[in-house]
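> Have a look at this fold, sequence not included:
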């Protein structure tokens, strides 16, 4: 009985996070917390001399919590820093719906840009 309760508890703890599938073609030197990461929404353009190094898809696992747009971007920023990307570009965004997912479902691409990312027109992350 104890093992069953432990198993059910683990299932719900694991299931509560958004599903994240990522793929990187190249892993660069990880960025530090001091390195800025730019968030480019759908309407923002990626600088021409940027190098795409990966992509990710953020979805709903069925019991997801903490999967609003900004939470997904924070997770994307962590993935970007781990893999040396300093631009997170949103390529697709689906809002939560009453009859569908309660989460934002987004697709992002990760880029490395040698210029100053703070000068780029970008989405301003909303921190709660």
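Received, thanks. As the structure is a prediction and not an experimental result, all values here were calculated from the model.

> What segments of this protein are helices?
In the chain, the segments counted as helices under DSSP state H are 2-15, 69-83.

> if you skip the residues just before and after it, what's nearest to residue 51?
What sits nearest to residue 51 in space, not counting adjacent residues and going by Cβ to Cβ, 6 or more residues apart in numbering, is residue 112, at 4.9 Å. C-beta: built from backbone N, CA, C; applies to glycine.

> do you know how far residue 73 is from residue 112?
Distance check for residue 73 against residue 112: by Cβ to Cβ, to the nearest Å, it reads 18 Å.

> okay, these two: which has more neighbours?
residue 73 (23 against 20; other Cβ atoms under 10 Å).

> does the more buried one really touch residue 39, like I thought?
Yes: using Cβ atoms under 8 Å, residue 73 is in contact with residue 39, at 5.6 Å.

> Please point out the stretch among the helices of the chain with the lowest average pLDDT.
Lowest mean pLDDT within these: helix 2-15, at a mean of 43.

> so what's in contact with residue 73 and residue 39 at the same time?
Taking Cβ atoms under 8 Å, 6 or more residues apart in numbering as the contact rule, residue 73 and residue 39 both touch 88, 90, 123, 125.

> So which of the residues you listed wins on neighbours?
residue 88 (26 neighbours).

> show me where pLDDT drops low in the protein?
Scanning the chain for pLDDT under 70 picks out the ranges 1-18, 61-65, 127-128.

> Okay, and the beta partners of the closest residue to residue 40 other than its chain neighbours?
Counting by Cβ to Cβ, 6+ apart, the nearest residue to residue 40 once its immediate chain neighbours are dropped is residue 89, at 4.4 Å. Beta-bridge pairing of residue 89, defined through DSSP bridges, involves residue 40, residue 109.

> measure residue 89 to residue 111 for me?
Applying Cβ to Cβ, one obtains 6 Å for the distance of residue 89 from residue 111.

> Now for the two: what residues contact both?
Applying Cβ under 8 Å, 6+ apart, one finds that residue 89 and residue 111 are jointly contacted by residue 46.

> Okay, strands next: where are they in this structure?
In chain order, the chain shows strands spanning 19-24, 38-40, 51-59, 87-94, 105-112, with DSSP state E as the criterion.
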